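Enquirer: Curious how this folds, go ahead:
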Amino acid sequence: MVETGNKFHDKVSRLISWAHWFTFFNMIIVSLIGLRYIAYSGMADSVAGVMYQFISLIGHFSFLCAAVFMVILFPLAFLIPFPRLYRFIAIFISTILITFLIIDTQIFKLYNFHLNPLIWHFLQTPAQVEQIYSINLHYISIPILFIIEFFVSYIVWKKCRILQAKRIGKPIAVVLFSAFIITHLAYIWADAKQYRPITQQKANYPLSYPMTARTFLKNQGWLSEDKLQESISRQGNEFKNELNYPITPLTFQPSQPAKNILLVTVEALRADMLNEQNMPKLYQLSQQGLNFTNHYSGASNRAQGIFSLFYALPNNYWSDITLNYIPPVFLNRLQHQHYHFGLFSSIGFNQPEFLQSSFSRLETEQLKNTSTTYGNEKITKQWQDWLNQQNDSNNWFSFLYYEQPDKSFSHNSDHVSFTDHTKKLELYQKQVAAIDQRIAQITKALKSKAQLQNTIVIITGTNAVSFAKDSSAESAINNAHVPLVVLWPGENSAQISRMTSHLDIVPTLMEKSLGSQSNANLYSSGQSLFDDSERQFLLSGDLNKYVVYEKHKITQFSNDGDLNSIDWNGKPLAEEEDNATLLINVVSQLRRFNR
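Expert: Residues are numbered from 1 along each chain as shown. Okay, the predicted model is just below:
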């Protein structure tokens, strides 16, 4: 290095030069540690996938190290132009960050999850979690890492001028930057083609957010839904799914004549609407069948509420399912048993919860006109016509979705006056009463064709509504509490008060009607509605915040680490130690079907 006579400039220049090479050798260290992610996630299914695994490993961790250099080490060289102090701070920062990386690899091994504020929350109470003990052993690595970092720092400081003289810094930077760019370009291509050996690696590394451009490519006319579905179908047997769903192949042994299945869903239907005043027809049915009074949707919104009905999975699997058009095992079984399908939706079917998931592998007359909306009255008439065309010798599955025509009641501000609240409630009750009449028409049609005694009728809400702000305690209590009325041939009427979930409906149908001999936990997170055993919790919420319902409290938490508990009256509760155990159980459920 040439001396300029400006001591401050020379010191800073040498420190930055040292930091460059110190960062490079740390890139090598973290990339070697990053190999653990590949070991735990498994090798990809193709040569291209394996190449992407290693190129993305180099590109991603090189970028993270470069970011640390640019954000921390580079400006510190100007603020602390004292070589020994500067190098000590750099060693300290590197040791801490690599320690977190090692802890993250262990978290990934145990839960297929990366370290985030939520995970960190229950790591603060390791006495609650047996598996975490092995993570604590990694803290022993801190002094070892510090020694390694000190050694690297010393060698680089001594050899810095020699390394500079070799002029290999720029070629190395070009290679690493190219790996980073190739990683993102390859993922854009894989996402557009839904090339699974690459797309299934999107969450392998911490702080990894691969670039996508599917919407842009569609807008430019370079990619269509038809081509995308064709590509996904073509790869269906060649490569494994993004999810391990079901965990193992299911076994079936039909032991009784199959029954017709009718699933009626109502948008934003509160459980307390099931009474003689608001829904007298449905209330009368509830007295004749099974009335589950403590039932909860799998989500606090329509889309994921429908998703939870068909998949019996928590809504965190929504993205993997809809991006890859993975059909539910329930409908696969219905197709295998040659059920006829009658699908009717007052809002049409041009939504991800239908075409990209539940009905992605079905071809019916109703799905052809995906953009057409009909309204509640019209689909009831269409369903009646369809029912009249069914041959009594063939089993059928029918799905009806009733919307709330005027959704203004769901738009809530921070302060809702008593008058506004009353108006919203009146509007809502009027619409619910109209839907009640449509349900009455359906059951009347079944009776007139003598189909009721051979049809399982399930009537529920996709989600509920609280008339309150989404962040309020009232929303947490009411936004998922929906009615569930089941008319099951051969079952006596009963009112059931134990907690049940949308996630229980598919296991019930699979076991009691479709002859499944496999345990429900192989394809769902629910249990049969006829299973009397009490569960520890029910999971609901949305993609931003999970809501955990327990017997005596409700806990809300987000991936950002926000956590709070309330009782069933909405009163805040002090943070409890058993929250850590609860969160671990929830996290395990959220990752159980991930590869």
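Enquirer: Residue 73: neighbouring residues, count only.
Expert: By other CB atoms under 10 Å, 22 other residues sit near residue 73. In this view, the C-beta of every residue, glycine as well, is placed from N, C-alpha and C.
Enquirer: let's number from 117 now, not from 1
Expert: All right, first residue 117 from here; so that's residue 189.
Enquirer: and it, which of the three is it?
Expert: Following DSSP: H, G, I helix; E, B strand; the rest coil, we place residue 189 in the helix state.
Enquirer: Quick check, pLDDT for it.
Expert: pLDDT, the model's per-residue confidence, is 91 for residue 189.
Enquirer: Hmm, residue 135 and it touching each other?
Expert: Yes: using CB atoms under 8 Å, residue 189 makes contact with residue 135 at a distance of 4.4 Å.
Enquirer: what is in contact with those two at once?
Expert: Overlap between the neighbourhoods of residue 189 and residue 135 consists of residue 206, taking contacts as CB atoms under 8 Å, 6 or more residues apart in numbering.
Enquirer: The longest helix seen in the chain packs against which elements?
Expert: In the chain, with assignment by DSSP state H, the single longest helix is helix 123-157. With contacts defined as 3 or more CB pairs under 8 Å, 6 or more residues apart in numbering; DSSP states H and E, the secondary structure elements packing on helix 123-157 are helix 163-184, helix 190-195, helix 199-227, helix 257-281, helix 285-309.
Enquirer: Show me what the second one is packed against.
Expert: Using 3+ CB pairs under 8 Å, 6+ apart as the contact criterion, the elements in contact with helix 190-195 are helix 123-157, helix 199-227.
Enquirer: can you tell which of the ones you listed is closest to residue 654?
Expert: In this view, the helices and strands packed on helix 190-195 are compared for proximity to residue 654 by CB to CB, and helix 199-227 is the closest at 20.6 Å.
Enquirer: what angle sits between that closest one and helix 123-157?
Expert: Orientation check (axes from the mean of the first three to the mean of the last three CA atoms, to 10 degrees): helix 199-227 against helix 123-157 gives 10 degrees.
Enquirer: Can you give me the buried ones in helix 199-227?
Expert: Neighbour-count burial for helix 199-227, with 16 or more other CB atoms under 10 Å as criterion, is recorded at 202-203, 206-207, 210-211, 213-215, 217-227.
Enquirer: for it, the distance to its chain's centre please.
Expert: Between the centre of helix 199-227 and the centre of its chain there are 29 Å (CA atoms, centre = their mean, to the nearest Å).
Enquirer: Now do it, average pLDDT.
Expert: What helix 199-227 shows for mean pLDDT is 89.
Enquirer: what's the answer for stretch 604-616, then?
Expert: Averaging pLDDT along stretch 604-616 yields 95.
Enquirer: ok, back up a step: reformat the helices and strands packed on helix 190-195 as JSON lines; add distance to residue 636.
Expert: Below are the helices and strands packed on helix 190-195 laid out as JSON lines (distance: least, CB to CB, whole Å):
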{"stretch": "helix 123-157", "distance to residue 636": "27"}
{"stretch": "helix 199-227", "distance to residue 636": "22"}
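Enquirer: quick one: which of those is nearest residue 311?
Expert: helix 123-157 (16.6 Å).
Enquirer: which intervals of this structure have sub-threshold pLDDT?
Expert: Flagging of the chain using pLDDT under 70 yields the residue ranges 117-122, 234, 237-256, 329-358, 371, 486-487, 527-534, 675-677, 691-697, 711.
Enquirer: quick one: the strands in it?
Expert: In the chain, the strands defined using DSSP state E lie at 376-382, 406-408, 411-412, 456-461, 512-518, 571-577, 600-603, 610-612, 616-617, 654-657, 662-665, 670-673, 679-682, 688-689.
Enquirer: In the longest helix of the chain, which residues are buried?
Expert: When burial is assessed from 16+ other CB under 10 Å, helix 123-157 yields the following buried residues: 127-131, 133-143, 145-147, 150, 152-154, 157.
Enquirer: Could you figure out how far it is turned away from helix 257-281?
Expert: Counting by the same axes, to 10 degrees, helix 123-157 lies at 120 degrees to helix 257-281.
Enquirer: Might you calculate how far helix 123-157 sits from the centre of the chain?
Expert: Using CA atoms, centre = their mean, the distance between the centre of helix 123-157 and that of its chain works out at 35 Å.
Enquirer: Span of stretch 148-168 from start to end?
Expert: For stretch 148-168, the first and last residues are 16 Å from each other (CA to CA, to the nearest Å).
Enquirer: which outside residues touch it?
Expert: Outside stretch 148-168, the residues within contact range by CB under 8 Å, 6+ apart are 169-170, 173, 176-177, 214, 217-218, 221, 224-225, 228, 299, 302-303, 306, 311-314, 316-317, 320-321, 354-356, 711.
Enquirer: same question, stretch 131-146
Expert: Contact partners of stretch 131-146, identified using CB under 8 Å, 6+ apart, comprise 117, 177-178, 180-182, 184-185, 189-190, 193, 197, 199, 202-203, 206, 210, 214, 217, 264-265, 268-269, 272-273, 276, 279-280, 285, 288, 292.
Enquirer: contacting residues for residue 370?
Expert: Applying CB under 8 Å, 6+ apart, the residues contacting residue 370 are 453, 630, 631.
Enquirer: Put the buried members of these into a PyMOL selection.
Expert: A single PyMOL command suffices to select whichever of the contacts of residue 370 are buried according to 16+ other CB under 10 Å:
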select buried, resi 630+631
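Enquirer: Which single one of the contacts of residue 370 is nearest to residue 439?
Expert: Top of the list for closeness to residue 439, among the contacts of residue 370 and by CB to CB, is residue 630 at 27.3 Å.
Enquirer: all helices of the stretch 317-466 of the chain, in order?
Expert: For the stretch 317-466 of the chain, the helices defined by DSSP state H, counting those that start in this stretch cover 330-335, 341-351, 396-404, 418-427, 434-440, 445-452.
Enquirer: What's the local residue count around the closest residue to residue 203 other than its chain neighbours?
Expert: Once its chain neighbours are removed from consideration, residue 203 has its nearest residue in residue 269; the separation is 5.2 Å (CB to CB, 6 or more residues apart in numbering). Residue neighbour count, defined by other CB under 10 Å, stands at 20 for residue 269.
Enquirer: Over to the one 3 residues further on?
Expert: Burial of residue 272, expressed as a neighbour count using other CB under 10 Å, amounts to 20.
Enquirer: Now do the contacts for it.
Expert: By CB under 8 Å, 6+ apart, the residues touching residue 272 are 134, 137, 138, 141, 279.
Enquirer: Nearest to residue 505 among those residues?
Expert: Using CB to CB, residue 141 is the member of the contacts of residue 272 that sits closest to residue 505, with 73.1 Å.
Enquirer: and that closest one, how far is that from residue 214?
Expert: Computed as CB to CB, to the nearest Å, the residue 141 to residue 214 distance reads 12 Å.
Enquirer: So for stretch 175-187, what gets flagged as buried?
Expert: Buried residues in stretch 175-187 (16+ other CB under 10 Å): 175, 176, 177, 178, 179, 180, 181, 182, 184, 185.
Enquirer: starting at the chain centroid, how far to it?
Expert: 28 Å.
Enquirer: and what of stretch 496-511?
Expert: Centroid separation for stretch 496-511 versus its chain: 36 Å, with CA atoms, centre = their mean.
Enquirer: ditto for stretch 644-661
Expert: Distance, stretch centre to chain centre, for stretch 644-661: 15 Å (CA atoms, centre = their mean).
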